[in-house]
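A.B. asks: Make a model of this:
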Amino acid sequence: MLLDGLYLIILVVNGAANTLNDKIYTPIDFGRSFCFRMNNFNTQVGCQTSRDGDTGILYPFKTEETVTETLNSIDEPIIPVISSGLFTNDTATEFLKHSVIMKGLIIIEDKTEIELFSPAKTCPGNGYNLGETVNTVNPHICSSQDKWNPVGNWISYYDFPFGIFAIRSDSQKDLVTEYANKNLFQGSLKPYPLWGAQIQAFMNAAGDTETCIRRNTCDPIRGRNIHVNFVPRSEGKEIILFITKADATAFFKDMSYGGEASGGSLAVLLGIIKSLSQVRDNDQNNDFNQLSAEFMVTFLQGESFDYSGSQRFAYDLRRGDGPYNISLSNIKCIIEVGPISLSNELYLHSNNPAHESVKQIINLFAKYSGDGQLFTFEYVDGLPPSSINSFLREDESIPAILVTDSHSELQSKVYGSRFDIIENNDILSSRLKALIEVFTNVALQFNGGVETTSVEIEKSLVSNVLDCILVNQNCTLLQKLQNTTDLENERLSRFTSVGHNTHFTIYLINMTKDFSKKELSVPEEKCNSSFTDKWMPYPRDGLCYGILVNNTSAISPAFVIGDLSSTKYATWTESQWSRNFKLRAFLIASNHENVVIFCCGILYFITLSVFILQCYRRSDGIFSEVNSQQ
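C.D. replies: Numbers count the residues shown, from 1 in each chain. So this is what the prediction gives:
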């Protein structure tokens, strides 16, 4: 009975506490949009709060001028509330300068279209491109004089000692904005009480990668490189390798959309897979198998972090550990598709224009360039930041070409940001469809084949792919491939994290399987048990198909060889954190009111204690009188 009574008391007290907590705090829903900490060989970047979280007054800022003026004149702990367009390099620098009073930052994601914001480096892949070395003293200094991303402001590589959250829900944006605006009168803070917030986003990792790995407080960036072949591997045969960057990044990682950075190139490579598969399947004379080299298409992940995916693939190839044991010596040529969504004027970049293969490819693209053609292709000497650099750092003699819409700097002014969004439309679908057909014909002719008019990709297929990559992952194509209509109804984020299989990785593997599949004369019921000729079984839609799709680890070679302070290979890690993230609003009383409440509480406690003590001392008399009356 005593235990039952105690249990009842605990339940009542706990319920009362929860009710009181609900009355004091208003939780703010931020989804997954928060900034977290990352580490590399010599530094840490990102954001974190103190272990128990931080509290401050919600303070709305409307202009950059008010940010500077207010931070210089206020000494109260604050959590600024700003619009997404106000988070610039200048304001970020001001917030860092006043980190003593900064207890967090809330960014209201408004509907304004941001056309100029790149939190990435001015020199992507700094120190890891061909001929470059990492600046270990100041990694914010570019190793090259060429600024491929001149508008880059490096904000993603700052170390913020406070939490930063983005609010995307309309109702939550209105709520936070209302609370913050209530705190001001004619541009100044009102008297207390004021609306404040508590932000809790503590990160376990600190210092550099070597330190946090030793303490087991961080994990390496991983991801999977996805490889597609079209015919079973013939040992010794050369390979024409198509590659592209598959991942994307942003300041808030759940909004890593990478529309211009890699969205269009993903659609082009998927289209090349489909078109080469069609040429293979329509081949009546076995000409496809008789081509001088084999085709291989590879999607690289982790490229946003100093090319970790391509570094790993090149490292595996150098050791002869590529898919089907291929090595660098098997590579006839590498063709990388870079950003290609913004223009019909495309550029062919190479560091080795004298190589016969490079000259041949340039001449083949020239056939589809200029008057009467949809595109112009212009050769540019030298390589900008691109995945090709990882392969050339292992073997500079490999002929390689980058095809992109940028000449000497990126066309996109929102590279590496959550604003890198391009919408699917008829113009884009038509352009990429035509580009897929050009690439396919160039590849076939370079490989000893002939130009074919049978390469005809349906524009609807290109449009469906773009819908999935650029617009909404709950798209018709993925619903079919995933066999469900219950996909997340939002734009697809392509951030490479510490896990192996993100949603995007799974989707991409399934698309490559479906686009490259070859129908085989095997009943579906025997599809998984009667395979020969190195094909992998792929039963679908009542038929039996064979596929040649592999995926390999994209973790940087630095973690394979155990050199966690490497400057040759990328060393990026992601901090571990607790799941107890909080963002909640509440009313803050003034220090004077807090002192008064505290003193009243002490007085109440003393008075109650004296009363109880007197009752205890006189208890014998009180209860004896009661007993005598009974």
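A.B. asks: Relative to the whole chain's centre, how far out is stretch 53-68?
C.D. replies: 27 Å (Cα atoms, centre = their mean, to the nearest Å).
A.B. asks: sorry, that was for stretch 338-346
C.D. replies: For stretch 338-346, the separation from the chain centroid amounts to 22 Å (computed by Cα atoms, centre = their mean).
A.B. asks: Contacts for that stretch, please.
C.D. replies: The list of residues contacting stretch 338-346 from outside it, by Cβ atoms under 8 Å, 6 or more residues apart in numbering, reads 244-245, 259-265, 268, 374-378, 386, 402-406, 410-412, 422, 428, 431-432, 435. Just so you know, the C-beta spots here come from the backbone N, C-alpha and C atoms, and that holds for glycine as well.
A.B. asks: Mark which of these are buried, thanks.
C.D. replies: Neighbour counting over the contacts of stretch 338-346 (16 or more other Cβ atoms under 10 Å) leaves 244-245, 259-265, 268, 375-377, 386, 402-406, 410-412, 422, 428, 431-432, 435 as the buried ones.
A.B. asks: Give me the subset of those lying in helices.
C.D. replies: 264-265, 268, 428, 431-432, 435 (DSSP state H).
A.B. asks: Can you show me the strands along the stretch 51-200 of the chain?
C.D. replies: 54-60, 78-83, 105-108, 159-160, 164-167, 184-185, 188-189, 194-200 (DSSP state E, counting those that start in this stretch).
A.B. asks: for the fourth one, packing partners?
C.D. replies: So that's strand 159-160. Helices and strands touching strand 159-160, by 3 or more Cβ pairs under 8 Å, 6 or more residues apart in numbering; DSSP states H and E, are strand 44-47, helix 89-97.
A.B. asks: From I340, how far out is G271?
C.D. replies: 12 Å (Cβ to Cβ, to the nearest Å).
A.B. asks: Find residues that contact each of those two.
C.D. replies: Counting by Cβ under 8 Å, 6+ apart, the shared contacts of G271 and I340 are L432.
A.B. asks: Verify the stated contact: D146 with P124.
C.D. replies: No - counting by Cβ atoms under 8 Å, P124 is not a contact partner of D146; they are 10.8 Å apart.
A.B. asks: When those two are compared, which one has more neighbours?
C.D. replies: Between D146 and P124, P124 has the larger neighbour count (other Cβ atoms under 10 Å), namely 25 against 15.
A.B. asks: In contact with that one, which residues?
C.D. replies: Contacts of P124 by Cβ under 8 Å, 6+ apart are 148-149, 152, 385, 415-416.
A.B. asks: Just name the closest of these to A314, please.
C.D. replies: P385 (15.4 Å; Cβ to Cβ).
A.B. asks: I am assuming the closest one contacts N129, so please confirm or correct that.
C.D. replies: Yes - in this structure P385 lies within contact range of N129 using Cβ under 8 Å: 5.6 Å.
A.B. asks: Could you check which helix or strand contains D283?
C.D. replies: Assigned by DSSP states H and E, D283 belongs to neither a helix nor a strand.
A.B. asks: who's in contact with S144?
C.D. replies: 123, 126, 129, 132.
A.B. asks: List the backbone torsions phi and psi for it.
C.D. replies: phi -110, psi 150 (degrees, to the nearest 10).
A.B. asks: any idea how far it is from N89?
C.D. replies: In terms of Cβ to Cβ, S144 sits 21 Å off from N89.
A.B. asks: Give me the buried positions along whichever strand or helix holds A558.
C.D. replies: Assigned by DSSP H and E, A558 belongs to helix 557-561. For helix 557-561, a neighbour-count test (16+ other Cβ under 10 Å) marks 557-559 as buried.
A.B. asks: Repeat that for stretch 275-295.
C.D. replies: 275-280, 288, 291, 293-295.
A.B. asks: hmm, who's touching it?
C.D. replies: With Cβ under 8 Å, 6+ apart, stretch 275-295 has contacts from 229-231, 233-234, 237-240, 242, 332, 436-437, 440, 443-444, 447-449, 452, 454-457, 515-519.
A.B. asks: again, 6 Å this time
C.D. replies: The contact list for stretch 275-295 (Cβ atoms under 6 Å, 6 or more residues apart in numbering) reads 230-231, 237-240, 332, 436, 440, 447-449, 454-455, 457, 516.
A.B. asks: I'd like to know which of those are part of strands.
C.D. replies: 238-240, 332 (DSSP state E).
A.B. asks: Go through the residues you listed and name the one nearest W572.
C.D. replies: Among the ones in strands among the contacts of stretch 275-295, and counting by Cβ to Cβ, the member closest to W572 is I239, at 28.6 Å.
A.B. asks: what's across from that closest one in the sheet?
C.D. replies: Beta-bridge partners of I239, counted by DSSP bridges, are E294, I331.
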